[in-house]
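1. Build me a structure from this.
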Amino acid sequence: MTRYIIRRILWFIPVLFAIALVTFLLSHAMPGGPFDFAGDRSLPPSVVANLKRKYHLDWPLWKQFAAWIWDLMRGDLGPSFRYRSLTVNDLLKQTFPVSLQLGLLSLLLALIIGIPAGTIAALKHNTWVDYVSSFIAILGVSVPNIVLGPFLIWAFGLKLGWFPVARWGADYTQFYLGFIPPMTLDFWKHAVLPTVTLGTALSASIARLTRASLLQVIREDYIRTARAKGLPERLIIVVHAMKNALIPVVTILGPLFAAVVTGSFVTEQIFGINGMGKHFVTSVGNRDYPVIMGTAMLYSVLLVIANLVVDLAYAWLDPRIRYD
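-> Okay, here's the model as predicted:
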């Protein structure tokens with residue numbers, strides 16, 4: 001297992017280098033530049049030339065990329081072209097903890113709802129429980145965040161006044177022990193609506209996947225053998241069936257975790273959350289190359305690490321899987 005982990009970590013280097021190269025070339029291939037406009041007016045050519053000289057955009061592309069890689073190896077992601085007083089490190093330090101908290105809470109909610117719902121639907125196959133669960137799952141997948149979020153704000157924020165509708169994360173832009181959010185009532189009141197908005201569709205997808213996987217597993221020969229031995233049904237499902245049924249669910253958790261941390265732009269916009277998704281999207285329109293590169297690399301690191309954790313979880317879920 002240790003040798004496998006070391007090999008995977010060494011493979012991270014060429015993978016991340018290829019991602020950095022492709023992202024760099026694509027971002028610089030977009031029409032326009034970061035200093036073409038200042039507000040609604042064009043900058044004078046002399047000012048644009050000075051700004052390009054200041055940020056070394058007048059260098060050849062290979063030299064710009066080599067300089068960025070050298071700075072990256074030292075932990076420096078460079079300055080932001082849009083936010084002149086901030087570096088990319090500053091932006092990620094402010095926004096990443098909030099996006100991470102939103103992603104973790106949403107994913108936790110999705111697992112808490114999705115796995116039990118999918119399990120119950122599979123065990124009650126072709127009954128009204130299965131039909132109702134499947135209908136709710138399809139409804140959850142079909143309703144986008146851009147519809148669900150404003151509805152929750154109107155119903156539970158404006159009409160009932162139970163939860164605040166915006167500004168979650170405004171006072172929590174720092175790291176906590178193990179990324180654990182502060183255990184205050186104010187924090188959780190701000191977190192409820194965004195977490196439900198982002199986690200609902202995730203829970204519906206996980207429920208459908210759990211149901212389909214468990215339906216296939218409970219028809220396997222080893223499940224029939226366990227029942228023939230007289231084992232209790234609850235023990236058969238929890239110990240023998242659920243481990244193998246969760247393998248497809250665990251498979252999607254890796255990319256899903258990285259996606260909800262960096263790709264929750266719509267939810268962050270709806271609830272006024274100062275998260276990383278907003279800067280990730282707006283940096284493309286602003287041609288803010290360092291922010292594009294920094295957020296893309298952070299997303300890539302999260303993705304490869306999450307996939308490694310998923311592969312290691314396979315060995316625990318299925319004893320037949322070995323990496324040595």
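2. Helices along the stretch 201-324 of the chain, start to end?
-> All helices of the stretch 201-324 of the chain, identified by DSSP state H, counting those that start in this stretch, fall at 221-228, 233-235, 242-245, 247-262, 265-270, 276-285, 289-317.
3. Point out where the stretch 201-324 of the chain drops to low pLDDT.
-> 262-263, 317-324 (pLDDT under 70).
4. One more: the stretch 51-200 of the chain?
-> By pLDDT under 70, the low-scoring segments of the stretch 51-200 of the chain are 167-186.
5. how about the helices in it?
-> Using DSSP H, counting those that start in this stretch, helices in the stretch 51-200 of the chain cover 61-73, 88-123, 128-142, 145-152, 185-217.
6. Adding distance to Arg287 and mean neighbour count, write these out as JSON lines.
-> All C-beta spots, glycine's among them, are computed from the backbone N, C-alpha and C. Listed next are the helices of the stretch 51-200 of the chain as JSON lines, based on distance: least, Cβ to Cβ, whole Å; neighbours: other Cβ atoms under 10 Å:
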{"stretch": "helix 61-73", "distance to Arg287": "14", "mean neighbour count": "13"}
{"stretch": "helix 88-123", "distance to Arg287": "14", "mean neighbour count": "21"}
{"stretch": "helix 128-142", "distance to Arg287": "35", "mean neighbour count": "15"}
{"stretch": "helix 145-152", "distance to Arg287": "26", "mean neighbour count": "16"}
{"stretch": "helix 185-217", "distance to Arg287": "28", "mean neighbour count": "21"}
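7. Including distance to Leu253, could those go into CSV?
-> Converted to CSV, these look like this (distance: least, Cβ to Cβ, whole Å):
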stretch, distance to Leu253
helix 61-73, 28
helix 88-123, 7
helix 128-142, 17
helix 145-152, 19
helix 185-217, 9
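8. wait, which of these is closest to Ala226?
-> Ala226 lies closest to helix 185-217 among these, at 11.5 Å (Cβ to Cβ).
9. Give me the helices and strands touching that closest one, please.
-> helix 88-123, helix 128-142, helix 145-152, helix 242-245, helix 247-262, helix 265-270 (3 or more Cβ pairs under 8 Å, 6 or more residues apart in numbering; DSSP states H and E).
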